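Engineer: I would like to see how this sequence folds:
(chains A and B)
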Amino acid sequence: MKLLVCVKQVPDSEGHLSISQEGSWVTYEDKTVFRMNRFDEFALEEALLIRDRIFHAKKTSIDAISVGPPRARLTLKKAMAMGADEGIHIREDQDRYMSPFDTASLIASYAKDKAYDMILAGVMAEDDMHCLVGQFIAEILEYPCATSVIHQEIINDGSEISVEREIETGRRECLRLKLPAVLTIQSGINTPRYPSLSNVIRARDQKIITIDAEKLQTLGKREELVLLSYPEPSSKGLFLEGTQREKAQTLLRILHEKSFI
Amino acid sequence: MKNPSYNGSMKAQIAVIAEHTENRILPVTYESLSFAMELGERLGMNISVLILGNTVEAMAKQLAERTGSHVIGVEGEQLQFYNGEAYKAATIEVLETFDSQYICMSHTATGFDLAPRLASYLNASCVTSVEKIRTREGNIRFIRSMFNGKLHAEMAPATAKAVLTILPGTWPSLEIHPKSKGSVHIITTNFVPVASQTLEIKESEKGKLNLGDADVIISAGRGVRNPENLHLLEELAKIFPKSALGSSKAACDLGWLGYQHQIGITGQTVSPRLYIACGISGAVQHISGMRGSQTIIGINSDPDASIFNVADYGIVENIETFIPILLDEFRHFSASS
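Structural biologist: Below you'll find the model as predicted:
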């Protein structure tokens, strides 16, 4: 089985974020910490679990792919340290906003002639929070797709996959897809592993396959991000001031005035 | 599909796809309709509603009465449960007749599954979890959150058509009782999906906990830092009658609390009298499930956390140190009153 896992590098968004001068994207500072999108960690772990389960019967390979500026290599190294066999970097020279459709068309353009049995991605990215890339890849490649997957099992000799997707109030929709297929993985499906020492060493020495985004086919332009701004705080919002004890006293007074206590 | 037979006047520039379960229209559908009404007023466009399922006539009539709009019901055995492939096929057939410029649905597990499938087919833009509409120099823009709600992005469709998912909890439920009674048109489809098959809906294995009954909800997020600190939140909950523990999805994923406590998209939607968010950053997925609370208190060590954008009272403190002091002060308070 041949699996492709889409991993995105995102900034750790604790603390303040600066909007670029034109307002078209974020300006990252030198101290900004980048890491793998958490939802993609779950997707990668699910691929690793598939390989662990069927390793004896058939050889299963896992490729991790990332679209992004040069720093995205680090996220591919992390994916390889977790256990991915290969890292594929679709390199964008500029550190700019990429629409989900653009990202998906680049990944689909790479994957179309590689005969992957399954493409996995996180249900969404933590930075732009679109929930779209996986579905777009599936549409472009004309593969069936299941989103928000919380359980999966390969059935019928590897020709189909049975999945459960998480829907509102924790209910699950059970469906069956023919392979090849695209799955977008919901968080909580598994517990992503820590990199093992042997994989860390292997990843350190292993080359990443780098392809310039320009060399791949992109499809027409869709929606554009015109302007970023800071949301207006709710006008009624009030920050409590003072020491921890003073804040606690103020809060209790407010709760008392509003008859909660 | 059997003879849809619309006439030319049935063109709908805005189409809204209704969501339902067990013969009941979901409340989020009426929020998406409010959004569509606002968009329609700004652009001078009319609205039609689409509902898909195996028997939808009664729900279609209900939608027509409440909205005064034209409602198309598409019935088919394969539409008993949501299936992306079947829903896409049935929807595009109707949309081709409508020639809709905007196609709207809720940002739910169904909506975000279906929207890109339609957008891809229609060569349309796709903007998810829309929170606001803005008009700039005559151009329509859709506002959505990014980076856990720390930033707002204005999105502009660069195509003739756009598919939109509407963030639950941001538009009020549609209340109007229009003069027009609307109209209903039911068609049937025999489309059978080939590459995927939806088999059943499993009820939640998460156990039942109806957070909707609580007057006060104390919610835990990643900022609680350690599951051992949850007892602090339990103690805090005890000072209120009719209280319950809620959770962000992140805290459930970490195994700190069961998913029956989860509030937001794929969890429960609540509107208690008091909501205390402890160590919750305030991602839109969470906010959309608790925004309706009467009083919101946010406690988070990150002063830029977006929970403070919806909180009535904000406290920039660490949960581990602040809650024990709050509980201690409460003991003084109850001893003196």
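Engineer: Which parts of the stretch 101-250 of chain A are strands?
Structural biologist: A:118-122, A:145-155, A:160-166, A:172-178, A:181-185, A:209-212, A:224-229, A:238-239 (DSSP state E, counting those that start in this stretch).
Engineer: wait, the stretch 101-250 of chain B
Structural biologist: Secondary structure of the stretch 101-250 of chain B (DSSP E, counting those that start in this stretch): strands at B:102-106, B:125-136, B:139-146, B:151-156, B:162-166, B:183-188, B:196-202, B:216-220, B:243-247.
Engineer: and among those strands, the most buried is which?
Structural biologist: strand B:162-166 (a mean of 29; mean count of other C-beta atoms under 10 Å in any protein chain shown). Quick note: C-beta positions are derived from backbone N, CA and C, even for glycine.
Engineer: what is the rounded mean pLDDT of that one?
Structural biologist: When pLDDT is averaged over strand B:162-166, the result is 97.
Engineer: which residues are contacting it?
Structural biologist: A:223, B:28, B:31-32, B:35, B:101-107, B:111-112, B:115-116, B:118-119, B:122, B:124-130, B:142 (C-beta atoms under 8 Å, 6 or more residues apart in numbering or on different chains).
Engineer: re the thing from before, do you know which of the strands of the stretch 101-250 of chain B lies nearest residue A:138?
Structural biologist: Nearest of the strands of the stretch 101-250 of chain B to residue A:138, taken as C-beta to C-beta: strand B:196-202 at 10.3 Å.
Engineer: residues in the stretch 1-150 of chain A within reach of chain B, list them.
Structural biologist: Within the stretch 1-150 of chain A, the residues that sit near chain B (C-beta under 8 Å from any C-beta of the partner chain) are A:11, A:13-17, A:19, A:26, A:100-101, A:126-132, A:135-136, A:139-140, A:143-148.
Engineer: which of those count as buried?
Structural biologist: Listed as buried from the residues of the stretch 1-150 of chain A next to chain B are A:11, A:13, A:17, A:26, A:100-101, A:126-132, A:135-136, A:139-140, A:143-148; burial here means 16 or more other C-beta atoms under 10 Å in any protein chain shown.
Engineer: how about the helices in the chain?
Structural biologist: Here I'm looking at chain A. Here chain A has its helices, by DSSP state H, at A:38-54, A:73-82, A:100-111, A:133-141, A:197-205, A:244-257.
Engineer: you looked at the wrong chain, it should be chain B
Structural biologist: Using DSSP H, helices in chain B cover B:27-43, B:57-67, B:84-98, B:111-122, B:230-238, B:249-253, B:284-287, B:319-336.
Engineer: So which elements touch the fifth one?
Structural biologist: Applying 3 or more C-beta pairs under 8 Å, 6 or more residues apart in numbering or on different chains; DSSP states H and E, one finds that helix B:230-238 contacts strand B:216-220, strand B:243-247, strand B:274-278, helix B:319-336.
Engineer: what about 7 Å?
Structural biologist: Contacts defined by 3 or more C-beta pairs under 7 Å, 6 or more residues apart in numbering or on different chains; DSSP states H and E place helix B:230-238 against strand B:216-220, strand B:243-247, helix B:319-336.
Engineer: Of all these, which one is nearest chain A?
Structural biologist: Of all these, it is helix B:319-336 that lies closest to chain A, at 4.3 Å by C-beta to the nearest C-beta.
Engineer: which residues of the stretch 1-150 of chain B score low on pLDDT?
Structural biologist: B:1-12 (pLDDT under 70).
Engineer: hmm, back to that, select, out of the strands of the stretch 101-250 of chain B, the one closest to residue B:23.
Structural biologist: Nearest to residue B:23 among the strands of the stretch 101-250 of chain B is strand B:196-202 (13.5 Å), distances taken as C-beta to C-beta.
Engineer: The closest one packs against which elements?
Structural biologist: Partner elements for strand B:196-202 (3+ C-beta pairs under 7 Å, 6+ apart): strand A:172-178.
Engineer: and the strand it packs on, anywhere near chain B?
Structural biologist: Yes: using C-beta under 7 Å from any C-beta of the partner chain, strand A:172-178 comes into contact with chain B via A:172, A:173, A:174, A:175, A:176, A:177, A:178.
Engineer: Now do that strand: everything it contacts.
Structural biologist: A:144, A:146, A:150, A:159-167, B:81-83, B:195-202 (C-beta atoms under 7 Å, 6 or more residues apart in numbering or on different chains).
Engineer: Within the sheet, what are the partner strands of that strand, with directions?
Structural biologist: strand A:160-166 (antiparallel), strand B:196-202 (antiparallel) (DSSP bridges).
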